[in-house]
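S.K.: Any chance you can model this:
(one chain, ligands or ions: 1)
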Amino acid sequence: MARTRLPPHEVADLALSPVGASRIAWAGGQMPVLARIRARLRSERPLDGVRVGACLHVTAETANLVLALADGGAHVALCSANPLSTQDDVAAALVYEHGIEVRALRGEDVDTYVRHVRAVLDGKPQVTVDDGADLLVTAHALGGEGLGEIIGGTEETTTGLVRLRRLEGEGKLSCPVLAVNEARTERALNDRHGTGQSALDGIIQASHVLLAGHTFVVMGYGWAGLGIAERARGAGAAVVVCEIDPLRALEARMAGYEVMPALEAAERGDVFVTVTGSRRVLRGEHFARMKDGAVLANAGHFDVELDLDELRALAVDVRDVRPLIEQYTLEDGRRLNLLARGRVVNLAAGEGHPAAVMDVSFALQALCVEDLVRRRGERSPGVQPVPESIDQEVATLKLAALGVTIDEPTEEQRHYRESWT
Ligand SMILES: NC(=O)c1ccc[n+]([C@@H]2O[C@H](COP(=O)([O-])OP(=O)(O)OC[C@H]3O[C@@H](n4cnc5c(N)ncnc54)[C@H](O)[C@@H]3O)[C@@H](O)[C@H]2O)c1
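M.R.: Numbers count the residues shown, from 1 in each chain. Sure thing, here's the model as predicted:
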């Protein structure tokens, strides 16, 4: 149902709208939890007139979240959290079919990206929904009266929370932020299973490598790294983990992986994935030791985990050998294959997390936005956990959607758990 008056927008091509619309519908079909919440929001309209600014990957799954918030009464303005993940057809459909304000172009340059973030902030959002904290961090950097209007924000990823906690540490965070990324349901489904499956999917789609029989190095064994390591092992790879945290390293060892320093792993690996949230995790000294044909990918949020300047400096030749692979030839003839220019591989080379995973993340997001609005003024500024009741509700709805039922504790068991004797 196209509209005659379109909202402010900057998308690649509105003619892509029908393709985007069917993509949104397909994803929606795999997001039953969000659909249930959307139906309730539509009838209760708790977000009536609330301005929501969202800086998220502009994908079919995100579109379903945006539509749920809009059905709850919100006015949503959306920009992209990563220039390479935007699905232009989805962006077009959101504008053309649903009247949502979208500014996102696949492959947009940094200036355009920044302009889009600022345009969303110009709309003076009352609630921000971030994936990487660009919206909220920029709002704080700009200051001004817009900041005072923000009721609160939600944050989808680890890197965003790190930035926001730094802001809070300096006493500058001026609103509450719900750490969606740290909700129990989010950790279990999104970081582990979502990243695990989609990072491998991106690597395989881009490079067509066989994992079985090869050595797969995971740099960073957080929730995301754990998921990637599990999937790579499941595909038959010999998995090596590199860590800097002794506890995480111990967990990886106890899970049966080889654990070693990066310099050693550099000589062993056929495929490398960085997923640390840090920078220059693989750099010149590592590249110099790698085998001919090694594949390099990053699944961390920012494209700073592989030191591309040092890779370039070591190379005598750089060429595109497949659509998403740049091959760097070193002086002695060894070739290193960089996937998706070191950007987050599951989104830049694959389709990102499956919709059934984003169902949980965006159900959490929708309930957190609603909670921020319903309890406006009750929370003090700072990064805060998602309320336990929201986590429980999402887990319960997801189990129901999967057709799984579980036991309830008996009265006797409840008493036993609660009694100090
Ligand atoms: N691609 C995706 O879909 C996706 C999903 C979730 C998280 N992420 C991103 O992935 C990154 C990691 O997320 P997480 O939730 O697993 O974080 P986390 O903090 O739980 O784990 C990161 C791990 O990396 C380790 N590490 C840090 N520096 C290292 C180094 N130099 N060498 C080896 N290990 C090192 C840390 O000790 C930690 O155990 C973040 O940037 C996050 O935003 C991406």
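S.K.: ok, and the helix or strand in this protein with the lowest average confidence?
M.R.: helix 145-148 (a mean of 84; mean pLDDT, DSSP states H and E).
S.K.: Touching that one from outside, list them.
M.R.: 121-122, 124-125, 139-140, 174-175 (CB atoms under 8 Å, 6 or more residues apart in numbering). (C-beta placed from N, C-alpha, C; glycine too.)
S.K.: how about that helix: buried residues?
M.R.: 146-147 (16 or more other CB atoms under 10 Å).
S.K.: cool, and stretch 319-327?
M.R.: So stretch 319-327, judged by 16+ other CB under 10 Å, has buried residues 324-327.
S.K.: And for stretch 197-212?
M.R.: 197-207, 209, 211.
S.K.: thinking again about what came up before, same list (the buried residues of stretch 319-327) but as JSON lines, adding pLDDT.
M.R.: Converted to JSON lines, the buried residues of stretch 319-327 look like this (pLDDT from 0 to 100):
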{"residue": "Leu324", "pLDDT": "95"}
{"residue": "Ile325", "pLDDT": "97"}
{"residue": "Glu326", "pLDDT": "98"}
{"residue": "Gln327", "pLDDT": "98"}
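S.K.: right, and out of the residues you listed, which lies closest to the ligand?
M.R.: The ligand lies nearest to Leu324 out of the buried residues of stretch 319-327, by CB to the nearest ligand atom, at 15.2 Å.
S.K.: Would you check how far apart that closest one and Arg343 are?
M.R.: Leu324 sits at a distance of 10 Å from Arg343 (criterion: CB to CB, to the nearest Å).
S.K.: Equivalent analysis for Glu61, please.
M.R.: From Glu61 to Arg343 the distance is 19 Å (CB to CB).
S.K.: okay, the two: which has more neighbours?
M.R.: Glu61 (29 against 23; other CB atoms under 10 Å).
S.K.: my read: that one touches Ala25, true?
M.R.: No - between Glu61 and Ala25 there is no contact, the gap being 11.9 Å when judged by CB atoms under 8 Å.
S.K.: Which of the contacts of helix 145-148 are buried? Put it as a ChimeraX command.
M.R.: In ChimeraX, a selection of the buried entries from the contacts of helix 145-148 looks like this (16+ other CB under 10 Å):
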select :121,124,125,139,140,174,175
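S.K.: quick one, phi/psi of Val217?
M.R.: Per-residue torsions, Val217: phi -100, psi 120 (degrees, to the nearest 10).
S.K.: What separation do you get for the spatially closest residue to it that is not a sequence neighbour and Met290?
M.R.: Excluding the flanking residues, the one nearest Val217 by CB to CB, 6 or more residues apart in numbering is Gly269, at 3.8 Å. As for Gly269, its distance to Met290 is 7 Å (criterion: CB to CB).
S.K.: between those two, which one's more packed in?
M.R.: Gly269 (29 against 23).
S.K.: check contacts around the more buried one.
M.R.: 215-217, 240, 290-291, 294.
S.K.: Equivalent analysis for Arg374, please.
M.R.: In this structure, Arg374 makes contact with Pro46, judged by CB under 8 Å, 6+ apart.
S.K.: do Asp320 as well
M.R.: 326-327.
S.K.: SS state for it?
M.R.: strand (DSSP: H, G, I helix; E, B strand; the rest coil).
S.K.: Find the closest residue to the ligand in the stretch 201-350 of the chain.
M.R.: Proximity of the stretch 201-350 of the chain to the ligand (CB to the nearest ligand atom) peaks at Gly222, 1.9 Å away.
S.K.: residues in contact with the closest residue to Ser278 other than its chain neighbours?
M.R.: Leaving aside its sequence neighbours, Ser278 sits nearest to Glu305 (CB to CB, 6+ apart; 6.7 Å). By CB under 8 Å, 6+ apart, the contact list for Glu305 reads 219, 274-276, 278-282, 298, 342.
S.K.: contacts with the ligand among those, please.
M.R.: 219, 275-276, 278, 281 (CB under 6 Å from any ligand atom).
S.K.: got the residues of the protein near the ligand?
M.R.: 157-159, 191, 195, 199, 219-225, 242-245, 248, 275-278, 281, 299-301, 344, 346.
S.K.: from the residues you listed, which ones fall inside strands?
M.R.: 219, 242 (DSSP state E).
S.K.: Only the buried subset of the residues of the chain next to the ligand, as a ChimeraX command please.
M.R.: Buried members of the residues of the chain next to the ligand, defined by 16+ other CB under 10 Å, are picked up in ChimeraX with:
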select :157,158,159,191,195,199,219,220,221,222,223,224,225,242,243,248,275,276,277,278,281,299,300,301,344,346
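S.K.: And Thr4, what's its pLDDT?
M.R.: Looking at Thr4, its pLDDT reads 68.
S.K.: The one 4 residues further on now?
M.R.: For Pro8, the pLDDT comes out at 96.
S.K.: now swap in Glu155 and tell me
M.R.: 97.
S.K.: If it is in a bridge, with which residues?
M.R.: Asp130, Ala179 (DSSP bridges).
S.K.: Next one: it from the ligand, what distance?
M.R.: To the ligand, Glu155 is 10 Å away according to CB to the nearest ligand atom, to the nearest Å.
S.K.: Would you check that my belief about that residue contacting Ala183 is correct?
M.R.: No - using CB under 8 Å, Glu155 makes no contact with Ala183, being 10.9 Å away.
S.K.: which one of those two has more residues nearby?
M.R.: Glu155 (29 against 26).
S.K.: can you tell me how far Cys368 sits from the ligand?
M.R.: Cys368 is 17 Å from the ligand, by CB to the nearest ligand atom.
S.K.: In a strand, that residue, correct?
M.R.: No - with three-state DSSP as the criterion, Cys368 is located in helix rather than a strand.
S.K.: quick one, what contacts it?
M.R.: 154, 178, 180, 386, 390.
S.K.: TSV for the buried residues of stretch 319-327, including secondary structure?
M.R.: As requested, the buried residues of stretch 319-327 are exported to TSV (three-state DSSP):
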residue	secondary structure
Leu324	coil
Ile325	strand
Glu326	strand
Gln327	strand
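S.K.: Tell me which entries of the contacts of Gly269 lie within strands.
M.R.: Among the contacts of Gly269, the members falling in strands (DSSP E) are 215-217, 240.
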